[in-house]
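Undergrad: structural data only, the sequence is not supplied:
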C-alpha cells in the first residue's frame, strides 16, 4: 500500500468526521426560493398602506402555519432535507459495518475476569499467590473493559464520525489492542472512505467535481469535460480546441468571449 494512497484515505476519513456536524446543520435548511420575490408582487407591496400591509402579514403567517400543520390535507413539504438525510444514513451504515468487520478481524479479544474458584490451595503461600493472580486479572479485565480505544459493538460510540476517527487511527498505525492492518483490509477502508467522503462533499457542495460529458464540442467535435463543485459555477472545457463555457452558457454551450 503506497504512502500516497494512505494519505488520501486519511484525508477522506477526516473529511467525514469534520463535516458531519455540517450535515446535521443542513438537515433543516431549505433551498433558496426560485424565482425570487420580485416583479409585480414587489411593486404592488409598495402601494399598500399600513393597514393593508398588516393584513397581508397576518394572512402570510396563517398560510405558513397551515403549511407546517401535519393535519393539513394535501401535500406538505418534508421538515428535513431528504437528500442530506439519505447521505447521512448511507454513510453511517457503511462506516459502522466497516468498523465492525475491521474490529472483528484486528482487535484483540478482551481480557475476561478470573472465573470463580470452587476451592483454594491448602498451602497458605500458594493460596495467597492464587488470590493475587485473580486480583491482578480482574483489574486488567476492568481496565480493558473501559479502554476508550477499543471499538464497541453497542453503545453511544456507534456514530459515523467516531467510526471514521477509529478507522483513521487504524490507517495511521496507532498502537493499541489490535494488530496492524493487512493490505486487503487497508484497501477495503480506502474504498469505503473514498465513497463516503464523496457523498458527504456532494451533499454539502464542498468538493471539486470532474466529469466527461456525453455531448461533443459544437466547434470541433472534441471531448468536453465539466468541472465544478465547492460552491463554484460549473465550467466546461473542450480538450481539443480549448474552448470554454461557463455560467448560464453551460446549458446551451455558447462559447465564452
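TA: Right, received. Where do you want to start? Just so you know, these numbers come straight off a predicted model, no measurement behind them.
Undergrad: name the residues that touch stretch 187-204?
TA: Contact with stretch 187-204 is made by 1, 5, 8-9, 11-13, 15-16, 19-20, 22-23, 26, 83-84, 87, 90-91, 94-95, 98, 101-102, 164, 167, 170-171, 181, 207, 209, 229, as judged by C-beta atoms under 8 Å, 6 or more residues apart in numbering. Backbone N, C-alpha and C define where each C-beta goes, glycine included.
Undergrad: likewise stretch 114-127?
TA: Contacts of stretch 114-127 (C-beta under 8 Å, 6+ apart): 130, 131, 133, 134, 137, 138, 141.
Undergrad: for the third one, give me its contacts.
TA: Put plainly, it is residue 133. residue 114.
Undergrad: also the fourth one?
TA: Applying C-beta under 8 Å, 6+ apart, we find residue 134 in contact with 114, 117.
Undergrad: which strand or helix spans it?
TA: Per DSSP states H and E: residue 134 is located in helix 124-145.
Undergrad: quick one: average confidence on whichever helix or strand comes after that helix?
TA: Counting by DSSP H and E, the element after helix 124-145 in chain order, helix or strand, is helix 160-172. For helix 160-172, mean pLDDT is 95.
Undergrad: quick revisit: and the contacts of stretch 187-204, which of them are buried?
TA: Taking 16 or more other C-beta atoms under 10 Å as the criterion, what is buried in the contacts of stretch 187-204 is 9, 12-13, 15-16, 19-20, 23, 26, 84, 87, 91, 94-95, 98, 102, 164, 167, 170-171, 181, 207.
Undergrad: return the subset of those residues lying in helices.
TA: 9, 12-13, 15-16, 19-20, 23, 26, 84, 87, 91, 94-95, 98, 102, 164, 167, 170-171 (DSSP state H).
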